[in-house]
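Novice: Turn this into a model:
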Amino acid sequence: MSARLNKYGKGLRTEIPASRFSREWFMQSLRTAVWVVVIVILVWVYADIHFTDEQEVTAVLHLHTKSDDGMLLLSKREIPVTFRIKGNRYYRDRFTNHLAKANSVLEFDVAGAKEYKPGEEYQERTANLLSKLPVFRDSGLEIISATPARIDIRMDKMYLVPDVLVRFKSIGAVLDGDPRIEPARINLRLPESMRHKINPSTITLVTRTVDLSGKAVGATETVNVDVLTPPNLNYAKIKPQKVTVTFKVGQQTDSKKFTVTVNYLPPNAWLTNDTWSKYKLEVKSKEDRKRTITVTGNRIDLQKLSDDQIHAYVVLTDSNLKPSAWLEGKVNVKFPPGLKIRLAEAIPPVSYRVVKRTSVPVTP
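Specialist: Predicted structure coming up:
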């Protein structure tokens, strides 16, 4: 076969077809098939990368106010969300890879958004909120839908309660003298919405309980201990969170359980007027007549103490005469004077009520 000439008069290389079923024929066919497969794969990969599709994603949305320490988030912080994103595979893969590295957590700084005002409540559409996240900016993705549909957002300002007293709490020994706490007073911050609900002068902060059992009597110890936020003050923040306490160990203490009878102390007037002829006391269960309590303190004083020396009682008032359901009565305890002992833990309340008698008792 003669070679063809191009327009410049030079010859073009022409491959001579190999004989059918020869070695050269098989090699030429294989090379052609390989190139066809490569081209087809490239076409499919390109189409797959650029083809727009939807994908469902599950994550946890973490709301916070880290950018503004003077703000506090009152609404739920950790919210599981499921949403659908739309975009080509490249952008979807890039997002899901980022989410996997973040342990499926999406962070949103509510205070940094600047559009949510303290003291107000918002019902934000979840899809809108997600679209504000930095990971979605210029991501090439669209959020189609989200569950839950809306998310509650509520913030509040924090106000300062300065110089709150700190008390050192310990068990296992009686201290010889008062402990030295540094700093003795620390700052407490509370939500603005609580300002008119509490009296700051009544607040005392307590340290984590330190067990002094086994400490040598007369030994001077110094510990760094956490200060606990008050259990009845939600969202409270304290600073510093630790104090240094120096104390001297006095006598070792012990704990002992006692079973006491719960009495009900009425106003003195009830004992002289006809109140008890018109009303009677009902206790919800037999268990509410007695309580098992734990007393801690000086070992010698505990050995002296007996069940019948402990006076447990619930104080009744005229308000108990009003019709009501079962009441939760606080059990007070009084020990003999001069003993270095105290309750180790709170006593569960008793259930009682004062009701009108159905018939007036006959006096013989």
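Novice: Let me see the residues that make contact with stretch 266-284.
Specialist: 264, 289, 316-318, 321, 326, 350-357, 360-361 (Cβ atoms under 8 Å, 6 or more residues apart in numbering). No exception for glycine: its C-beta is placed from N, CA and C like everyone else's.
Novice: pLDDT value on residue 342, please?
Specialist: Here, the pLDDT recorded for residue 342 equals 87.
Novice: residues touching the nearest residue to it once chain neighbours are set aside, list them.
Specialist: Closest residue in space to residue 342, ignoring its immediate chain neighbours: residue 297 at 5.8 Å, by Cβ to Cβ, 6 or more residues apart in numbering. The contact partners of residue 297, taken as Cβ under 8 Å, 6+ apart, are 174, 253, 254, 339, 340, 341, 342.
Novice: List phi and psi for the most centrally placed residue in the chain.
Specialist: Nearest to the mean C-alpha position of the chain, by Cα atoms, centre = their mean, lies residue 77 at 8.9 Å. Phi and psi for residue 77, reported as degrees, to the nearest 10, are phi -100, psi -40.
Novice: how near is it to residue 195?
Specialist: Residue 77 sits 23 Å away from residue 195, going by Cβ to Cβ, to the nearest Å.
Novice: did I read that right, residue 154 in a strand?
Specialist: Yes - when DSSP: H, G, I helix; E, B strand; the rest coil is applied, residue 154 is found to be in a strand.
Novice: Would you mind listing the buried residues in the helix or strand that residue 252 is a member of?
Specialist: Using DSSP states H and E, residue 252 sits within strand 242-265. Within strand 242-265, the residues scored as buried using 16 or more other Cβ atoms under 10 Å are 243, 245, 247-254, 256, 258, 260, 262, 264.
Novice: Which helix or strand contains the residue nearest to residue 342?
Specialist: Secondary structure (DSSP H and E) places residue 297 in strand 290-298.
Novice: Report the contact partners of the nearest residue to residue 229 once chain neighbours are set aside.
Specialist: What sits nearest to residue 229 in space, not counting adjacent residues and going by Cβ to Cβ, 6+ apart, is residue 236, at 4.6 Å. By Cβ under 8 Å, 6+ apart, the residues touching residue 236 are 188, 189, 190, 229, 230.
Novice: Quick check: the two most widely separated of the residues you listed?
Specialist: Greatest spatial distance in these: 189 and 230, 12.0 Å, computed using Cβ to Cβ.
Novice: which residues sit against stretch 61-81?
Specialist: Outside stretch 61-81, the residues that reach it (Cβ under 8 Å, 6+ apart) are 58-60, 105-112, 118, 126, 129-130, 146-148, 151-158, 191, 235, 237.
Novice: Give me the buried positions along it.
Specialist: 61, 63, 65, 68, 71, 72, 73, 74, 79, 81.
Novice: just to revisit the earlier point, elements contacting the strand holding residue 252?
Specialist: Strand 242-265 sits against strand 173-175, strand 180-182, strand 220-228, strand 290-298, helix 299-304, strand 311-315, with contacts defined as 3 or more Cβ pairs under 8 Å, 6 or more residues apart in numbering; DSSP states H and E.
Novice: Perfect, that will be all.
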